[in-house]
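Q: coords please:
(one chain, ligands or ions: 2)
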Amino acid sequence: MGLSGRRRTKNGVCRPERSITEGHGYYMIVGIDLGTTNSLVAYYTEDGPKIIPNRLGKNLTPSVVSVDGEGNVYIGETAKERMSLYPDSVAHTFKRSMGTEREYVLSGRHFKPEELSSMVLRSLKEDAEIFLGEPVTEAVISVPAYFDDKRRKATKRAGELAGLKVERMISEPTAAAVAYGLYDKTLDTRFLVFDLGGGTFDVSILELYHNILEVRAVAGDNYLGGEDFTQVMQKLFLQKAKLQISSLSEKEQVRLYRQAEKAKRAVNDADRVTMSFLYKESTIEQQITYREYEEACEELLMKIREPVKKSLADAKLRLSDIDEVLLIGGATRLSVVRDFLIRLFRKFPDTKLNPDETVALGAAVQAAMKERREEVKEVILTDVCSFTLGTEVVVEYEEGRFEDGRFCPIIERNTVIPASHTERLYTVRDNQEKMRVRVLQGESRFARNNLFLGELNIEVPKGPKGQEAIDVTYTYDINSLLEVEVKAVSTGESRKMIIKGEENQMSDEEIKKRMEELAYLKVQPRDYEENKLVLLRAERLYEEALGDRRKKLDYYITAFESALKRGDHDDIMDTRNALNDIMEAEED
Ligand code: ADP
Ligand code: MG
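A: Ligands and ions are numbered 1, 2, ... in the order given. Okay, the predicted model is just below:
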């Protein structure tokens, strides 16, 4: 029988200086940043990566989905606009629940986080196809560095449900470093990527070492982001206006929040801002100074410190060891955050790219690398392995006493990949002729509880037990390819196999079935998107306005609606522009 025993030997880690890439695809592969708050799609051009604008001409598509009672689907800005009008039909920040069983109910219909994500992806895919004038069937999607296997798989499924092949994912901080071209540095460099998004905060320490870009540590706060800074602005306003949030209707609350968001952005380049709010038919105005706002944000800013410290400690580095600091995420545009960070890092962070676009640009570079475009130098990007890979062994727990069926980890969970580890295993019986290596994945101490991936057998010369040995080497890379090599130590004979980590995926039929199930949803023709958005916005403003303002709005809305009914293009454009102008004035 081919059992193998384990002795306490563990060889060092060696990293293979190569990466396995697939052949050249015919169609362009796009890069997608599927964010908690906003999502973007980018592609690679001769002049480097570029963001693809969405159907409304905007680079950012809010990661918001709405489904109405008739099964019409709204995505992005339009869905966000429906939030105050039809709150029960809207879902947002679902990325936080990726990979969980949580269900969202939109107008009575149930959706999983990956299904909502797939709708956002589909919308981005369509925008890219129109923009590029060719089908887009494959994407590199970025995920947070701490996303485990389950969440990554859910992200991949979201891609598949949207009709996108997702063979490669890139961690967000790595994408940022790639976008900044930092992988091109000749010297070894260490950098800190500071990502403050809408509702999440991530700090990552990356190291570039001999052409390998490695995530060394990640830390963060899953409940801290730009939205909290909006809340602070809102609270300041309420305090000054001597108002209680509980005295406001749901719609008023949504409206107040929108005003607070505006004020938050305005205070970036001003000493003071005036925030106004329509409350019970009268407009309340309050002045808020930068100093006041900064002081009120103190508590949030303090929360930023901890993860920075923790990531440095985990990477065993000091702040002075960091060569570059990259700021990404829309909330790093906040002056209060920037000022705080300059004090914290004692240096001016690199911000030559738009912080909310950096990750998507990096994903597009990675897509070009996958296509093996000549313009991009291929670098080895690392990631972490989200599960343990090992083999079944017999353990000698006492002289002469064995226990079989035990699991021996070879590449442990959270190991930085690509990685290659070797374990030496010994014969457990006299005159044993064959050794069997069962390749397993999982975290249980017992082999039977882990997932069986494959098996290799090798012959060894007969001899007393424990004399013959084999070296088992597992090499795992970012494309989820596991190479297993087994080598008999005394004879030098070896066997190899490659296992592609595709298990746990939805089968093609399952995907097709769910796609059909989702097909009842009516995605609106994209040409109507702008019209729909204008009407929704008008509907909201109409509800907010009173008297003459309301009458004026009504007049322009009616003109636009009848133009839409007549279907005359020029007429539609004229009345829409007129309505838009009125609305701009209203919002200010
Ligand atoms: P995510 O990564 O979560 O999808 P983003 O990186 O798009 O999010 O960041 C969204 C956040 O950035 C929001 O809270 C938004 O208010 C904030 N933000 C965007 N632009 C600005 C700005 N000019 N000033 C202040 N905050 C901003
Ligand atoms: Mg982000």
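Q: just the pLDDT for residue 384.
A: Here, the pLDDT recorded for residue 384 equals 65.
Q: so what does the closest residue in space to residue 221 that isn't next to it in sequence look like in phi/psi?
A: In this structure, residue 221 finds its nearest non-sequential neighbour in residue 201, 4.6 Å apart by C-beta to C-beta, 6 or more residues apart in numbering. The C-beta positions use only the backbone N, C-alpha and C, and glycine is treated the same way. The phi/psi pair for residue 201 (degrees, to the nearest 10) reads phi -130, psi 120.
Q: where exactly do the helices run in the protein?
A: 77-85, 113-132, 149-161, 172-179, 226-241, 250-266, 290-296, 298-314, 335-345, 358-370, 508-518, 529-544, 547-566, 569-587 (DSSP state H).
Q: now what about the first one, what contacts it?
A: Read it as helix 77-85. Identification of contacts with helix 77-85 by C-beta atoms under 8 Å, 6 or more residues apart in numbering yields 56, 58, 61-62, 64-66, 74, 89-90, 92, 250-251, 254-255, 529, 532-533, 536-537, 539-540, 543.
Q: what residues are up against residue 431?
A: 462, 463.
Q: check residue 76 too.
A: 54, 56, 61, 62, 64, 120, 123.
Q: near ligand 2, which residues of the stretch 1-150 of the chain?
A: residue 35 (C-beta under 5 Å from the ion).
Q: and the residue of the stretch 1-150 of the chain nearest ligand 1?
A: As assessed by C-beta to the nearest ligand atom, ligand 1 sits closest to residue 35 within the stretch 1-150 of the chain, at 2.4 Å.
Q: what's near enough to touch that residue?
A: 63, 95, 197, 198, 359 are the contacts of residue 35 under C-beta under 8 Å, 6+ apart.
Q: in a markdown table: the residues you listed, plus neighbour count, pLDDT and distance to ligand 1.
A: Converted to a markdown table, the contacts of residue 35 look like this (neighbours: other C-beta atoms under 10 Å; pLDDT from 0 to 100; distance: C-beta to the nearest ligand atom, whole Å):
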| residue | neighbour count | pLDDT | distance to ligand 1 |
| --- | --- | --- | --- |
| 63 | 27 | 98 | 6 |
| 95 | 28 | 97 | 8 |
| 197 | 26 | 97 | 3 |
| 198 | 22 | 96 | 4 |
| 359 | 32 | 98 | 7 |
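Q: and residue 57, how many neighbours?
A: 7 (other C-beta atoms under 10 Å).
Q: gap between it and residue 43?
A: 17 Å (C-beta to C-beta, to the nearest Å).
Q: can you put the helices of the chain in TSV and add distance to residue 412?
A: Formatted as TSV, those follow (distance: least, C-beta to C-beta, whole Å):
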stretch	distance to residue 412
helix 77-85	42
helix 113-132	27
helix 149-161	14
helix 172-179	21
helix 226-241	35
helix 250-266	43
helix 290-296	44
helix 298-314	16
helix 335-345	33
helix 358-370	26
helix 508-518	31
helix 529-544	48
helix 547-566	61
helix 569-587	54
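Q: quickly, which of these bottoms out on average pLDDT?
A: Lowest mean pLDDT within the helices of the chain: helix 508-518, a mean of 73.
Q: what is the mean pLDDT for stretch 49-57?
A: 96.
Q: that one: end-to-end distance?
A: Separation of the first and last residues of stretch 49-57 by C-alpha to C-alpha, to the nearest Å is 18 Å.
Q: may I see the buried residues of it?
A: The neighbour-count criterion (16 or more other C-beta atoms under 10 Å) identifies 49, 50, 51, 52, 53, 54, 55 as the buried residues of stretch 49-57.
Q: can you name the residue of the stretch 201-350 of the chain nearest to ligand 2?
A: residue 329 (5.2 Å; C-beta to the ion).
Q: hang on, the earlier thing: contacting residues for the residue nearest to residue 221?
A: 195, 220, 221, 222, 224, 225, 303, 304, 307, 329.
Q: go on, residue 229?
A: Contacts of residue 229 by C-beta under 8 Å, 6+ apart are 264, 297, 300, 331, 334, 336, 337.
Q: of all those, which two lie farthest apart?
A: Within the contacts of residue 229, two members stand farthest from each other by C-beta to C-beta: 264 and 300, at 11.9 Å.
Q: these two: which is more packed in?
A: residue 264 (26 against 21).
Q: burial of the nearest residue to that one once chain neighbours are set aside, as a residue count?
A: Excluding its sequence neighbours, the residue lying closest to residue 264 (C-beta to C-beta, 6+ apart) is residue 233, at 4.7 Å. Using other C-beta under 10 Å, residue 233 is surrounded by 26 other residues.
Q: and residue 233, how far from residue 288?
A: Using C-beta to C-beta, residue 233 is found at 7 Å from residue 288.
Q: which residues are common contacts for the two?
A: 263, 267, 275.
Q: which of these sits closest to residue 476?
A: For the shared contacts of residue 233 and residue 288, the nearest to residue 476 is residue 267 (48.2 Å; C-beta to C-beta).
Q: is it true that that closest one touches residue 288?
A: Yes. Assessed by C-beta atoms under 8 Å, residue 267 is found in contact with residue 288 at 6.8 Å.
Q: picking that back up, distance of the residue of the stretch 201-350 of the chain closest to ligand 2 from residue 392?
A: 44 Å.
Q: wait, residue 304 touches residue 340, no?
A: Yes. Using C-beta under 8 Å, residue 304 is in contact with residue 340, at 7.0 Å.
Q: chain neighbours aside, what residue packs nearest to residue 250?
A: residue 87 (6.8 Å).
Q: so that neighbour touches residue 107, yeah?
A: No. Contact criterion C-beta under 8 Å: residue 87 and residue 107 do not qualify, at 10.9 Å.
Q: so the two - more neighbours on which side?
A: Neighbour comparison, residue 87 and residue 107: the larger count goes to residue 107, with 15 against 12 (by other C-beta under 10 Å).
Q: what's near enough to touch that one?
A: Applying C-beta under 8 Å, 6+ apart, the residues near residue 107 are 67, 68, 69, 86, 88, 89.
Q: least confident of the residues you listed?
A: residue 86 (90).
Q: closest residue of the stretch 251-400 of the chain to ligand 1?
A: For the stretch 251-400 of the chain, C-beta to the nearest ligand atom, closest residue to ligand 1: residue 330, 2.3 Å.
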